[in-house]
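*Asks:* pasted the sequence and its predicted model underneath.
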Amino acid sequence: MSLEVLNEQVKKDLSYLGINLKEQKQPVTFSEGHVYDVIIIGSGQGGLGTAFGLLRERISNILVIDENKAGFEGPWDTYARMVTLRTPKHLTSIDLGIPSLTFRSYWVAQFGEKGWEAIDKIPRVDWMNYLRWYRNVLNLPVINEVKLTLIEPLENGKHKLHITGNRAPSQTLLARKVILATGIQGGGEWRVPKMISENLPSHLYSHSSKPIDFSLLKGKKIAILGGGASAFDNANYALSEKVSEAHVFVRRKELPRINPIRQMEGSGLIECFYSLPDQEKYEVMSHFFINNQPPTNDTYDRAASWPGFCLHLSSPWLDVKPVKEKVEVTTPKGKFLFDFLIISTGLITNPALRPELSLIEKHIARWSDRYQPPNGVKNPLLDAHPYLSSGFCLQSKDEAGKKRLYGLFTYNYSALISCGIVASALSGMKFGIPRLVTSVSEQLFHDARKEILDQYFTYKEPEFISDLKNSVSSS
């Protein structure tokens, strides 16, 4: 098989399921121009999968915008430095149940079944190539290099999106529904501890989510702060780029060894998490934060195989300071001198950190507004997450905000506490995207309910048109 043959198989499969991606609804206009039924912000895996999900439900008056250049959406070919994905290769995601759209079909079309059996996990670069193919074979309506700067609620349930960028078709776009499919950082921002950002010049450190020119670090000694998988990805990548030493500092006494996601994948906890009461949602995610994913075995072994690798456990950073174009790091175990720091400390989720939400964030309900956990469980990082409906709708903390937030959906990492990992982990997207699409389509239906019901009760188009004159008995 080849990709050309697979492309034809995708078209055939879709036609057999009655999915017409070219079907278009009648355009709707407003005083300020065309109104999209749905605009999706972000064309990474979540945004692309959602666009396909909407199209197959005949919601075709949609648009996807992304601030990045085409083919460079998301982390995979930008700042991600892992060799392979961490998700088991057999788990499906944005194919939404169509076999020819799975990564396996994409891989087998190029390398055969033996090639599939030969790989342990999905190579990162090939995953990004799959997303590019997925977008093209489905002909999804994406415009790149368009950045959302502000969401402005209008009357009558519409939203004006202020945009900028090299390929922005106008200064604003109009939509009934807006889906924030903005990935891991889309609900807040990456976190650099103030101890670092306030004490060091910016050329001596970088967050792991930022581009780093490793050619400037050749032969240098670097330190990486963080115990998650990305810390070891960065260590391995840096050493492969000829950094002389890469030291990973972890505050824990031991690296985590249990991956809670593996239990979730087979227990129903991913797909049914949304139905849990708030207390149990909070407890599950508090446990998840405490026992976060360990590095995969191959990730750690890859990094540890380099002679320049060093792991420091029980070693939180107590102080950092510049010393003659180097950085002195103080830990409970002593002082260390490095040429550069990579900060792999994760992110903070809070709608107040997102400039595009500045007109509405004061109305957005947080978990701290809806649930008060016991002191032993309370976690301010969880409390700052938006409190969403089971269908990813933003909820208002006050009456004034209900109309302003209506039609706004959050399908990014900030949905974690309300909806689980269905918007943040590949293994959850096959459950999250259909629920999101249902939530959006139900809102669109109820918005037009009166008109639809009027059409139903006045519908008079005959279907049975057979001539009865020679068949009706005269007796």
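*Replies:* Nice, thanks for sending it over. Numbers count the residues shown, from 1 in each chain.

*Asks:* please parse the protein into its domains.
*Replies:* 3-188+348-452, 192-257+294-345 (automatic domain parsing).

*Asks:* dump the ones you listed to CSV, plus mean neighbour count, distance to Ile270 and mean pLDDT.
*Replies:* C-beta here means a position set from N, CA and C on the backbone, and glycine is covered the same way. Below are the domains of the chain laid out as CSV (neighbours: other CB atoms under 10 Å; distance: least, CB to CB, whole Å; pLDDT from 0 to 100):
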stretch, mean neighbour count, distance to Ile270, mean pLDDT
domain 3-188+348-452, 18, 5, 94
domain 192-257+294-345, 17, 19, 95
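
*Asks:* nearest to Tyr274, of these?
*Replies:* domain 3-188+348-452 (4.2 Å; CB to CB).

*Asks:* for the domains of the chain, which one sits closest to Met264?
*Replies:* Nearest of the domains of the chain to Met264, taken as CB to CB: domain 3-188+348-452 at 7.0 Å.

*Asks:* all strands for the stretch 351-475 of the chain, in order.
*Replies:* Counting by DSSP state E, counting those that start in this stretch, the stretch 351-475 of the chain has strands at residues 408-410.

*Asks:* show me where it has its helices.
*Replies:* Along the stretch 351-475 of the chain, counting by DSSP state H, counting those that start in this stretch, helices occupy 367-370, 380-383, 402-405, 416-419, 426-447, 449-457.

*Asks:* for those, give me a markdown table that also has distance to Phe338.
*Replies:* Listed next are these as a markdown table, based on distance: least, CB to CB, whole Å:
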| stretch | distance to Phe338 |
| --- | --- |
| helix 367-370 | 38 |
| helix 380-383 | 28 |
| helix 402-405 | 46 |
| helix 416-419 | 33 |
| helix 426-447 | 34 |
| helix 449-457 | 62 |
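
*Asks:* nearest to Phe288, of the domains of the chain?
*Replies:* Closest among these, once you apply CB to CB, is domain 3-188+348-452, at 8.2 Å.

*Asks:* contacting residues around Tyr406?
*Replies:* Tyr406 is in contact with Gly157, Gln443, counting by CB atoms under 8 Å, 6 or more residues apart in numbering.

*Asks:* contact partners for the closest residue to Gly401 other than its chain neighbours?
*Replies:* Excluding its sequence neighbours, the residue lying closest to Gly401 (CB to CB, 6 or more residues apart in numbering) is His363, at 2.5 Å. Listed by CB under 8 Å, 6+ apart, the contact partners of His363 are Ser396, Lys397, Asp398, Ala400, Gly401, Arg404, Leu405.

*Asks:* wait, which of those residues is closest to Ala223?
*Replies:* Lys397 (41.4 Å).

*Asks:* list the contacts of the spatially closest residue to the closest one that is not a sequence neighbour.
*Replies:* Counting by CB to CB, 6+ apart, Ala365 is the residue found nearest to Lys397 once chain neighbours are left out, at 4.1 Å. By CB under 8 Å, 6+ apart, Ala365 lies in contact with Pro386, Tyr387, Leu394, Gln395, Ser396, Lys397.

*Asks:* now with 7 Å?
*Replies:* Pro386, Tyr387, Gln395, Ser396, Lys397 (CB atoms under 7 Å, 6 or more residues apart in numbering).

*Asks:* in TSV: those residues, plus distance to Ala168.
*Replies:* Below are those laid out as TSV (distance: CB to CB, whole Å):
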residue	distance to Ala168
Pro386	27
Tyr387	32
Gln395	30
Ser396	30
Lys397	32
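
*Asks:* phi, psi of the residue nearest the centre of the chain?
*Replies:* When CA atoms, centre = their mean is applied to the chain, the residue found nearest the centroid is Gly183 (3.0 Å). The phi/psi pair for Gly183 (degrees, to the nearest 10) reads phi 80, psi -160.

*Asks:* for it, give me its contacts.
*Replies:* Gly42, Gly44, Gly46, Gly74, Asn412, Tyr413.

*Asks:* do the same with Arg191
*Replies:* Counting by CB under 7 Å, 6+ apart, Arg191 has contacts Thr345, Gly346, Leu347, Ile348.

*Asks:* looking at those, spot the one nearest Ser100.
*Replies:* Using CB to CB, Leu347 comes nearest to Ser100 of the contacts of Arg191, at 35.2 Å.

*Asks:* what bridges to the closest one?
*Replies:* Trp190 (DSSP bridges).

*Asks:* that one reaches Gly186, doesn't it?
*Replies:* No. In this structure Leu347 lies outside contact range of Gly186 using CB atoms under 7 Å: 9.9 Å.
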